[in-house]
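Visitor: sequence unknown, structure follows:
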């Protein structure tokens, strides 16, 4: 009985050692192969660096040595090209990279998009955007229309490709997204949209998701698109507090006040965030119109609103003198302290 | 005594500027020629003579010719700049003006200016020959040219100008080619591809009169361990700010703390784009701060301009 148990134990140990040995041999072989591959890649780069310089920088005819023959050649070429795009600028370089990829690596990337491995697919999607591989746009659209489910990152990258290439196909995908994206992701996507695409999306504003609506308003402010100020003004009547605040913020960023009466009600809002945002916005109004409201806001119960009011007055040409005269006459201790603080700060 | 050997006994220079004898010219020439290499700036000898001086002798005799000589002597003394030196040619056949830090073009403008205001001969004796001058210009931008060669070429050109006519200027071009200067170049970059890009750019750049001796380094430590950077040559350093051992800023501090630090022209490549980073780098002593991604052709153009300025 004990002998049997001992036998099983010994066999177990032998099996474990064998398995570990096989694993070790596998890892060593893999490591060896990787080292050899790296050396070959390095050697290729060393051999063809000057040829790549002449082609990409000086626009000389492509040397035959740069036509990839093996998987390692492609890896080396990609390494060189990534280095060029990261460190060097110039439209001519990007144009030549795209031309090169179209001619010699188009099929390779097409195959990679169909790979069963997530890492290969996502890396290829990144390359499509980075190297401007516009000729693969239809393949990306094909992926989006396929019933197969891709990861959230992949979908975002596909959307980003459509945005980068200013494809109108992006609009329906934004209206009915395959996955839910966060604010930051939408912001990145919307930032790429051109004026016409932005217009198309605004026409569908009511049917957009809340997050997309908010991001549209933010992007208008970030990109200072003056033409969309009327749209932002309409958002001031929105039921959502967040939409109203973001609209005020975007108008303040653009700095265009067409009718001050639109904003006066916000100076008496029950929400301090709205009062603060309108206070910031009033800096763009003529001082004669803005000052009566700012003087009231200087006595607001919120520190943020008082601070914004003092800063808005100070930003005007004669702001400092105005603040000093208010300081002399005011009986409001909070307003007095805030003015003193802002004058001292600036 | 030959006709051309103008009598000096009856006239005196009224000039307050010293006019030196030719024996001094060689001393001044040797000092200036040696300085050409250090200062990378050329100097010029302008040879001037009274036009058709032989005719003056033949028509009006020694006295009037001598009077003309001293009048031009006075005129030239007044026209030259504070930094110029003037010498009498042997046998008082003319003058040599040594113009410091001046090239052929500037000397030509100087001559054209004085040619416009040559005074008429102040004499009671009537002359129908107009008072005129001829000149030759020799720019020297190379320390290997001997004094004798320059003198010979200048005088030959002056004779030719004299034959050609009044207010003629002959230019001697052959001494204005500067010597090729060796400039050391260090590329300190850890990325092999970018190292090669910078190396290829420098190997293909064409900069007149400079021979670039280029070496590449993986990081600041390797560069500072080498004796490569310790020499009197002008040294162009292209350094990445982030490096594995001793980064670009450390290299910069090390080079700028050296006594002869002005010989280093430092280009720093960086991903950092904030004004504070740039101000810090400039205050620490970089000559150019290039943010990534950068246009390699623009970097080449800036390099050419900076090296070109060393010659101006």
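Guide: In hand now; what should we look at? Small disclaimer: the values here were computed from a predicted structure and weren't measured. Numbering: from 1, shown residues only, chains lettered A, B, ... in the order given.

Visitor: Name all residues that make contact with residue B:29.
Guide: Neighbour list for residue B:29: B:45, B:98, B:147, B:150 [criterion: Cβ atoms under 8 Å, 6 or more residues apart in numbering or on different chains]. Using the backbone N, CA and C atoms, a C-beta is placed for each residue, glycine as well.

Visitor: And for the closest residue to chain B within the stretch 151-300 of chain A, the neighbour number?
Guide: For the stretch 151-300 of chain A and chain B, the shortest gap (Cβ to the nearest Cβ) falls at residue A:164, measuring 17.3 Å. Burial of residue A:164 is recorded as 17 neighbouring residues (other Cβ atoms under 10 Å in any protein chain shown).

Visitor: Could you report the neighbour count for the closest residue to chain A within the stretch 1-150 of chain B?
Guide: Nearest to chain A, among the residues of the stretch 1-150 of chain B, is residue B:40, at 30.0 Å (Cβ to the nearest Cβ). Neighbourhood size, residue B:40 [other Cβ under 10 Å]: 17.

Visitor: quick one, what contacts residue 225?
Guide: Just so you know, I chose chain A. A:195, A:198, A:254.

Visitor: other chain: chain B
Guide: Not one residue lies near residue B:225 by Cβ under 8 Å, 6+ apart.

Visitor: May I have the predicted confidence score for it?
Guide: Confidence at residue B:225, expressed as pLDDT, is 90.

Visitor: what's residue B:257 in contact with, if anything?
Guide: Here residue B:257 is in contact with no residue (Cβ under 8 Å, 6+ apart).

Visitor: pLDDT score for it?
Guide: At residue B:257, pLDDT is 91.

Visitor: if I look at it, how far off is chain A?
Guide: 29 Å (Cβ to the nearest Cβ, to the nearest Å).

Visitor: quick one on the thing from earlier: what's the ChimeraX line that selects buried ones from the contacts of residue A:225?
Guide: Under the burial definition 16 or more other Cβ atoms under 10 Å in any protein chain shown, those of these that qualify are selected in ChimeraX by:
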select /A:198,254
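
Visitor: Point out the ones among the contacts of residue A:225 that are inside helices.
Guide: Of the contacts of residue A:225, the ones assigned to helices by DSSP state H are A:195, A:198, A:254.

Visitor: mind listing what the residue lying closest to residue B:293 once chain neighbours are set aside touches?
Guide: Spatial nearest neighbour of residue B:293, excluding adjacent residues (Cβ to Cβ, 6 or more residues apart in numbering or on different chains): residue A:89 at 4.0 Å. Residue A:89 sits next to B:293-295 when contact means Cβ under 8 Å, 6+ apart.

Visitor: These in helices, which ones?
Guide: Short answer: those have none in helices (DSSP H).

Visitor: Between these, which sits nearest chain A?
Guide: residue B:293 (4.0 Å).

Visitor: give me phi/psi at that closest one?
Guide: phi -80, psi 140 (degrees, to the nearest 10).

Visitor: Now do the contacts for it.
Guide: Applying Cβ under 8 Å, 6+ apart, the residues near residue B:293 are A:85-89.

Visitor: List only buried entries from those.
Guide: Judged by 16+ other Cβ under 10 Å, buried ones among those: A:85, A:87-88.

Visitor: okay, those residues in TSV with secondary structure and distance to chain B next?
Guide: Output for these, formatted as TSV (DSSP: H, G, I helix; E, B strand; the rest coil; distance: Cβ to the nearest Cβ, whole Å):
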residue	secondary structure	distance to chain B
A:85	helix	8
A:87	helix	5
A:88	strand	5
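
Visitor: Please convert these to a markdown table, extending it with pLDDT.
Guide: As requested, the buried ones among the contacts of residue B:293 are exported to a markdown table (pLDDT from 0 to 100):
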| residue | pLDDT |
| --- | --- |
| A:85 | 92 |
| A:87 | 93 |
| A:88 | 94 |
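
Visitor: Retrieve the pLDDT associated with residue 285.
Guide: Assuming you mean chain A. The model reports residue A:285 with a pLDDT of 89.

Visitor: Can you look at chain B instead?
Guide: 91.

Visitor: Chain B contacts on the stretch 201-346 of chain A?
Guide: Counting by Cβ under 8 Å from any Cβ of the partner chain, none of the residues of the stretch 201-346 of chain A come close to chain B.

Visitor: can you give me the helices for the stretch 201-346 of chain A?
Guide: Using DSSP state H, counting those that start in this stretch, the helices of the stretch 201-346 of chain A run over A:210-222, A:229-235, A:241-254, A:272-281, A:287-297, A:303-315, A:319-329, A:333-345.

Visitor: most tightly surrounded among those?
Guide: helix A:272-281 (a mean of 23; mean count of other Cβ atoms under 10 Å in any protein chain shown).

Visitor: Quick check: nearest residue in space to residue 202, chain neighbours excluded?
Guide: By default, I'm working from chain A. Nearest to residue A:202 is residue A:231, by Cβ to Cβ, 6+ apart, at 6.2 Å.

Visitor: oops, I was thinking of chain B
Guide: residue B:214 (5.4 Å).
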